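S.K.: sequence first, then the predicted structure:
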Amino acid sequence: MREYLFMALISAAVTYLLVPLVRRFAIRIGAMPEVRERDVHTTPTPRLGGLAMYGGLVVGLLVASQLTHTGAALAESEGNAVTALIVAGGLITLTGFLDDWWGMDAFIKLGGQIAAAGVLVFFDLRLLYIPLPQDWGGSTSLDYTLSTVITILVVVVTINAVNFVDGLDGLAAGIVCIAGMATWAYSIFLADNISGGRITTTAAIAAILIGTCLGFLPHNFHPAKIFMGDTGAMLIGLVLASSIVTVTPLDPAIIEGMNKVPVLLPLLLPAAVLVLPLVDLITAVVRRTSQGLSPFAPDRGHLHHRLMDIGHSHRRSVLIMYAWAFLFAFGLVGMSTIGVPVLLFPVVIVLALAVLVLMALPRWRGRGGAHAASRGKEPDDDGPPTGPMPPILPETEVRRRMPPADGPAQGRATAEGNPVIPVFPRSS
């Protein structure tokens, strides 16, 4: 456990210290585009925060490979996880960097995602079977071709799900951090029940991912000083997918007697930890295609946009989505540890959705939101406003509009004969 904590702290520290350097680099090369109509921030903010996250990932992986227990587990795993993640992460980071800096066609970016997923498969980080309980027909082994296709599909969907949800300050990093925590807890639970040990490749990858996200969040939480951009969103999506893929090389017959949920968890956990990004991804594709647009065409219809449109502040919208992700992910892991029937899972999902939808309604928000402020209570201290800002006039225009320095101001009047109070009173 101490090794996991050490890996997470190293990744967090490296990421945190690299962000200011990356921010200056992004400003220097002009990687801070103008504010778009669908954006919620009001001032140009540098991107490329993913470069710092990649640095934290690489250092965390190299440190993990040198630790006594974790290094041995990584060396004995089926695939070369350290090399695979460094190479695949570098490829996806390069793709995101070029997209954040110059802009990139959506299909070229998709090609980079598929190539990065192919690197994972090349180093044998892939799904080996579809885990199912014995009374459901048992687990189905995958041949190399089918394993390759399904692994690439899982990785690409996860990358784009995380990329789609990256729309508010701290949202993607926080949700992926929660997902990494749930994956880490699940892998520790399985390893402890199967072999009595707690060192696994999945837990190591998840711990490094958690540290990377935590190191970036202080710079990215509202009001953000830097965005991770596609550089970071695609990177942490790739690492999260890798941690999920590496869970499955377990013999389901060993855990069949524990509960059906742990057997199915390699299938259910990705859906649970990514329920918000996946719902956002699916609804965005349906919404855009129904309007005759490309599935990759940007718009302002994401879940976080809707939360803000109904009156929630920037920070509260992020915290509501954190609560959603936490409830789904850890609710599923918790059910696997106490041994509940699989059929209870849909019931819990429905109840959780009902509760969280009520939480998201404006009338349940309490005193701190925009509606409470309109009733005369204290305003929501939420950092800079997210609406359109008034134009800043040049100094010459301000001087032109000022009244003359001498001459009585009280002699001026409106057409109705009312005196005019000068906006810029003369100094005595």
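M.R.: Alright, I've got the coordinates. Every value quoted in this text rests on a predicted model; they were computed, and no experiment measured them. Residues are numbered from 1 along each chain as shown.

S.K.: mind exporting the C-alpha coordinates of stretch 96-111 to PDB?
M.R.: Extracted as PDB, the C-alpha positions of stretch 96-111 are listed here (Å, rounded to 0.1, in the frame of the first residue of the first chain):
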ATOM      1  CA  GLY A  96      -3.500  16.000 -28.800                       C
ATOM      2  CA  PHE A  97      -0.600  18.600 -28.900                       C
ATOM      3  CA  LEU A  98      -0.900  19.100 -32.600                       C
ATOM      4  CA  ASP A  99      -4.700  19.400 -32.300                       C
ATOM      5  CA  ASP A 100      -4.500  21.900 -29.500                       C
ATOM      6  CA  TRP A 101      -1.900  24.000 -31.200                       C
ATOM      7  CA  TRP A 102      -2.800  23.900 -34.900                       C
ATOM      8  CA  GLY A 103      -6.200  22.200 -35.100                       C
ATOM      9  CA  MET A 104      -6.700  18.800 -36.600                       C
ATOM     10  CA  ASP A 105      -9.300  17.000 -38.700                       C
ATOM     11  CA  ALA A 106     -11.500  14.800 -36.600                       C
ATOM     12  CA  PHE A 107     -10.700  11.700 -38.600                       C
ATOM     13  CA  ILE A 108      -6.900  12.300 -38.400                       C
ATOM     14  CA  LYS A 109      -7.300  12.600 -34.700                       C
ATOM     15  CA  LEU A 110      -9.300   9.300 -34.700                       C
ATOM     16  CA  GLY A 111      -6.500   7.700 -36.600                       C
END
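
S.K.: mind listing what's buried in it?
M.R.: For stretch 96-111, the neighbour count (16 or more other Cβ atoms under 10 Å) marks 96, 97, 98, 99, 100, 101, 104, 109, 110 as buried. Backbone N, C-alpha and C define where each C-beta goes, glycine included.

S.K.: and which of these is nearest residue 160?
M.R.: Residue 160 lies nearest to residue 110 out of these, by Cβ to Cβ, at 8.3 Å.

S.K.: which residue, other than its chain neighbours, is closest to the closest one?
M.R.: Leaving aside its chain neighbours, residue 110 sits nearest to residue 156 (7.3 Å; criterion: Cβ to Cβ, 6 or more residues apart in numbering).

S.K.: tell me if that neighbour really is in a strand.
M.R.: No. Applying DSSP: H, G, I helix; E, B strand; the rest coil, one finds residue 156 to be helix, outside a strand.

S.K.: tell me which helix or strand of the chain sits lowest on mean pLDDT?
M.R.: Scoring the helices and strands of the chain by mean pLDDT, DSSP states H and E places helix 370-374 at the bottom, with a mean of 40.

S.K.: returning to what we had before: pLDDT wise, what is the residue nearest to residue 110 at?
M.R.: Reported pLDDT at residue 156 in the predicted model: 93.

S.K.: that one touches residue 113, doesn't it?
M.R.: Yes. In this structure, residue 156 is within contact of residue 113 by Cβ atoms under 8 Å, at 5.0 Å.

S.K.: and these two? which has more neighbours close in?
M.R.: residue 113 (24 against 19; other Cβ atoms under 10 Å).

S.K.: and the residue lying closest to residue 56 once chain neighbours are set aside, what does it touch?
M.R.: With sequence-adjacent residues excluded and distances taken as Cβ to Cβ, 6+ apart, residue 56 is closest to residue 15, at 3.3 Å. For residue 15, the contacting residues are 52, 53, 55, 56, 211, 212, 215, 216, by Cβ atoms under 8 Å, 6 or more residues apart in numbering.

S.K.: residue ranges with poor pLDDT in the stretch 201-350 of the chain?
M.R.: 248-278, 280-281, 288, 294-312, 314, 336-346, 348-349 (pLDDT under 70).

S.K.: so who does residue 56 touch?
M.R.: Residues near residue 56 by Cβ under 8 Å, 6+ apart: 10, 11, 12, 13, 14, 15, 18, 208, 211, 212, 215, 216.

S.K.: any chance of these in JSON lines, with distance to residue 127 and secondary structure too?
M.R.: Below are the contacts of residue 56 laid out as JSON lines (distance: Cβ to Cβ, whole Å; DSSP: H, G, I helix; E, B strand; the rest coil):
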{"residue": "10", "distance to residue 127": "29", "secondary structure": "helix"}
{"residue": "11", "distance to residue 127": "25", "secondary structure": "helix"}
{"residue": "12", "distance to residue 127": "29", "secondary structure": "helix"}
{"residue": "13", "distance to residue 127": "33", "secondary structure": "helix"}
{"residue": "14", "distance to residue 127": "30", "secondary structure": "helix"}
{"residue": "15", "distance to residue 127": "29", "secondary structure": "helix"}
{"residue": "18", "distance to residue 127": "32", "secondary structure": "helix"}
{"residue": "208", "distance to residue 127": "21", "secondary structure": "helix"}
{"residue": "211", "distance to residue 127": "26", "secondary structure": "helix"}
{"residue": "212", "distance to residue 127": "24", "secondary structure": "helix"}
{"residue": "215", "distance to residue 127": "29", "secondary structure": "helix"}
{"residue": "216", "distance to residue 127": "28", "secondary structure": "helix"}
